[in-house]
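**Q** Got a sequence here, can you model it:
(one chain, ligands or ions: 1)
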Amino acid sequence: MIYNLHACGIFGEEERALSARAFPAPPSDGRTAFERDRDRIVQARAFRRLAGKTQVFTSRASDHFRSRLTHTIEVAQVARQVAGALNLNADMAETLALVHDIGHPPFGHAGERALDACLKEHGLRFDHNLHALRIVESFEQRYAGHRGLNLTLGTREGIIKHSRDYIIQEHPELAEYFPGQRPPIEAQLIDLADEIAYLTADLDDGVESGLLEIGHIREQVEILRQSYLAVERAHPEAEEKYIFHDALQAMQKTLILDLIRNTAENVVLSGAKSLQEVRALDHRVAVLSPAAEELRQQEKRYLYDNLYTCPAMELEHKKAEEVIQEMFAFWVNFPEELPESYAEEVRSEGLARVVADYIAGMTDHFILLQYAEVRRKIRLGYRSVKGHPSSAGDSL
Ligand code: MG
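**A** Model (predicted):
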């Protein structure tokens with residue numbers, strides 16, 4: 001079903017205003033400003049590194065587990081579908097989906113928590129949205145005429161505001177991103193597109209890992225139970241794994257259609273008839289209906305209780321935290337071991353932030369190589385890490 005929120009979308013004058021870039025860009029070559037952003041993001045080194053970053057599983061016990069890159073592509077599918085069905089700017093939604101996780105450190109959320117804890121000891125915090133903005137504005141150095149990817153204002157605003165609002169007093173550096181206002185609907189819907197994509201994927205990968213069981217999911221996850229029964233009725237002879245796969249797709253479709261319908265209804269209820277009026281609302285409009293939201297939360301609780309915090313995963317998280325903590329301590333104590341190109345950044349940003357930036361950019365594989373190398377040096381008596389026993393334990 002197609003709804004028409006075109007008047008609240010990023011088109012015409014709004015699109016021109018949000019296409020502003022920090023540096024002059026070559027004239028249009030047939031692509032829209034957001035298509036050009038999308039292509040720059042896909043060409044970015046930080047985007048390619050998503051292939052080596054944990055989504056949920058760090059262990060590569062299966063080649064079929066999602067990486068952060070394949071997760072990102074799935075979010076882009078959902079975002080494009082939702083934006084298209086609402087007659088919003090689907091190029092922009094797709095672009096924001098492709099960039100939404102670019103600021104994630106290695107080892108998924110465990111890595112993010114560990115890095116945040118390390119920075120807290122220096123009076124700082126790690127926030128993956130703010131980090132993503134620094135990647136696209138500064139760390140990607142590939143162009144002759146400027147630092148960063150020179151993305152549009154609309155894409156940069158979406159990077160920081162798609163999943164949360166920032167208090168401008170706490171982040172004066174975000175002053176150009178319409179503080180105190182809601183982001184465009186194209187950005188709002190990324191948060192739910194992300195949720196819908198990973199909830200589906202994590203049940204799938206959870207079963208693939210052997211940590212979740214189809215029968216148990218069917219009993220415990222109401223939204224999956226409903227779609228499973230419908231598929232089973234249509235294909236009573238099919239094998240369980242195929243019914244489960246179809247049920248996952250049906251479950252995802254249910255949530256996507258609910259998001260489309262409910263967003264359209266919320267806009268009508270709010271009375272907003274333009275982007276400016278959407279921005280001025282005191283709430284986000286791209287949310288699930290109360291009934292679907294209840295099902296989503298129930299599914300998420302199930303995943304927390306049975307997958308994300310199960311003993312096998314906690315072991316992975318603990319190892320990931322150890323690696324991040326040790327590497328952070330190592331470079332903070334021995335900054336001369338950082339790549340030479342970081343020296344200038346240390347002077348302007350401070351050592352702790354730069355070490356966190358360096359670690360956040362790494363893939364799982366790269367940080368594990370660094371970790372093994374540091375452990376080897378310690379074993380050889382090369383150096384001991386301050387505050388750390390000089391006898392090394394097993395490396396991962
Ligand atoms: Mg995500």
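
**Q** Pull out the buried positions in stretch 68-80.
**A** Neighbour counts over stretch 68-80 (16 or more other CB atoms under 10 Å) mark 68-72, 74-76, 78-80 as buried. For the C-beta atoms, the positions are set from N, CA and C on the backbone; glycine is no exception.

**Q** Export the residues you listed as TSV, with columns for secondary structure.
**A** Converted to TSV, these look like this (DSSP: H, G, I helix; E, B strand; the rest coil):
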residue	secondary structure
68	helix
69	helix
70	helix
71	helix
72	helix
74	helix
75	helix
76	helix
78	helix
79	helix
80	helix
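
**Q** which of those lies closest to residue 136?
**A** residue 72 (14.4 Å; CB to CB).

**Q** could you measure that closest one against the ion, distance?
**A** 7 Å (CB to the ion, to the nearest Å).

**Q** same check, this time on residue 17
**A** Going from residue 17 to the ion by CB to the ion gives 28 Å.

**Q** do residue 221 as well
**A** In terms of CB to the ion, residue 221 sits 20 Å off from the ion.

**Q** go on, residue 331?
**A** According to CB to the ion, residue 331 stands 27 Å off from the ion.

**Q** go on, residue 250?
**A** Computed as CB to the ion, the residue 250 to the ion distance reads 22 Å.

**Q** before we move on, what about residue 206?
**A** Distance from residue 206 to the ion, by CB to the ion: 17 Å.

**Q** Write out the residues of this protein neighbouring the ion.
**A** 101, 194 (CB under 5 Å from the ion).

**Q** Give me the domain ranges for the chain.
**A** Following automatic domain parsing, one finds the domains of the chain at 6-311, 317-394.

**Q** Just put these in JSON lines and tack on mean pLDDT.
**A** Below are the domains of the chain laid out as JSON lines (pLDDT from 0 to 100):
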{"stretch": "domain 6-311", "mean pLDDT": "94"}
{"stretch": "domain 317-394", "mean pLDDT": "84"}
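
**Q** So which of the ones you listed has the densest surroundings on average?
**A** domain 6-311 (a mean of 19; mean count of other CB atoms under 10 Å).

**Q** sorry, back to before: could I get the buried residues of stretch 68-80 as a markdown table with distance to residue 168?
**A** Converted to a markdown table, those look like this (distance: CB to CB, whole Å):
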| residue | distance to residue 168 |
| --- | --- |
| 68 | 30 |
| 69 | 33 |
| 70 | 35 |
| 71 | 31 |
| 72 | 29 |
| 74 | 33 |
| 75 | 27 |
| 76 | 29 |
| 78 | 30 |
| 79 | 26 |
| 80 | 31 |
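
**Q** residue contacts, the residue in the stretch 201-350 of the chain positioned nearest to the ion?
**A** Closest to the ion within the stretch 201-350 of the chain is residue 201: 10.0 Å, counting by CB to the ion. Neighbouring residues of residue 201 by CB atoms under 8 Å, 6 or more residues apart in numbering: 55, 66, 71, 74.

**Q** next one: the helix or strand it falls within to chain centre, how far?
**A** Following DSSP states H and E, one finds residue 201 within helix 185-209. In terms of CA atoms, centre = their mean, to the nearest Å, the centre of helix 185-209 is set 10 Å apart from its chain centre.

**Q** Quick check: which element contains the residue of the stretch 1-150 of the chain found nearest the ion?
**A** The ion sits closest to residue 101 of the stretch 1-150 of the chain, with a gap of 4.3 Å, by CB to the ion. In the assignment (DSSP H and E), residue 101 maps to no helix and no strand.

**Q** okay but it is in contact with residue 71, surely?
**A** Yes. The pair residue 101 and residue 71 qualifies as a contact (CB atoms under 8 Å) at a distance of 7.0 Å.

**Q** can you give me the helices for the stretch 201-350 of the chain?
**A** Counting by DSSP state H, counting those that start in this stretch, the stretch 201-350 of the chain has helices at residues 214-220, 222-234, 240-270, 275-280, 290-303, 311-333, 343-349.

**Q** let me redo that: the stretch 51-200 of the chain
**A** Using DSSP H, counting those that start in this stretch, helices in the stretch 51-200 of the chain cover 68-85, 90-99, 108-120, 128-134, 153-161, 185-209.

**Q** is it possible to export those to TSV including distance to residue 354?
**A** Listed next are these as TSV, based on distance: least, CB to CB, whole Å:
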stretch	distance to residue 354
helix 68-85	23
helix 90-99	22
helix 108-120	11
helix 128-134	11
helix 153-161	21
helix 185-209	28
